[in-house]
Every structure is written in C-alpha cells, then in structure tokens.
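> give me a 3D structure for the following:
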Amino acid sequence: MSSPSTKPNENRCPECEAGELELVVCSRTFESDGRSIVVPGLMPYQCRACGAKVWPNAEAERARRALEILKRQQAA
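This next block holds a predicted model:
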C-alpha cells in the first residue's frame, strides 16, 4: 500500500508504474488490542494492473477518525 498523498500526480500507479489508477470503494481491516476492526466505505485509488492502493490524505484521515469511533464503541 502506498503512503497517503493529496492526489495521485498522474493516472499511473506509483508502485508498478504501468497500471492505471481508478477510484474504488473498499473496507479496510485494522488490528487493535488483539481485535480486528473493519472500517467500511473507504475510497482509495487502486491500480488496475498490480492492485496497489494509493490513499489520498483526506481518505486516510477519514479512516483514522472512523477507527477511533469504532474503538470507542467497542470499549463501551
């Protein structure tokens, strides 16, 4: 997985440099305190060739906030 960026500079994958990036909707699983937490509805760019995901800064922040909310709900 590529590090977050504001937006891919081009429509080419930064990992394989061959594939085209497209916006996708996915879930991401995080491990927290020995438990798995799934954050649904995230929107990274994904390479059509190698499958690498590029996370825009806004989407990475949204995942972080959603993870914090889910952690609080599980602790309650």
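> do a quick rundown of the helices in the protein.
With DSSP state H, the ranges of helices along the chain come out as 57-75.
> show me where it has its strands.
Remark: strands assigned in the chain by DSSP state E are 21-23, 26-32, 35-42, 45-47, 53-54.
> export the ones you listed to TSV and tack on mean pLDDT?
TSV is the format used below for the strands of the chain (pLDDT from 0 to 100):
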stretch	mean pLDDT
strand 21-23	96
strand 26-32	86
strand 35-42	85
strand 45-47	96
strand 53-54	94
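> any idea which of those strands gets closest to residue 15?
If you check each of the strands of the chain against residue 15 by CB to CB, strand 45-47 wins as the nearest, at 6.4 Å. For the C-beta atoms, the positions are set from N, CA and C on the backbone; glycine is no exception.
> go ahead and name everything in contact with that closest one.
8, 13, 15-16, 19-24, 26, 52-54, 56 (CB atoms under 8 Å, 6 or more residues apart in numbering).
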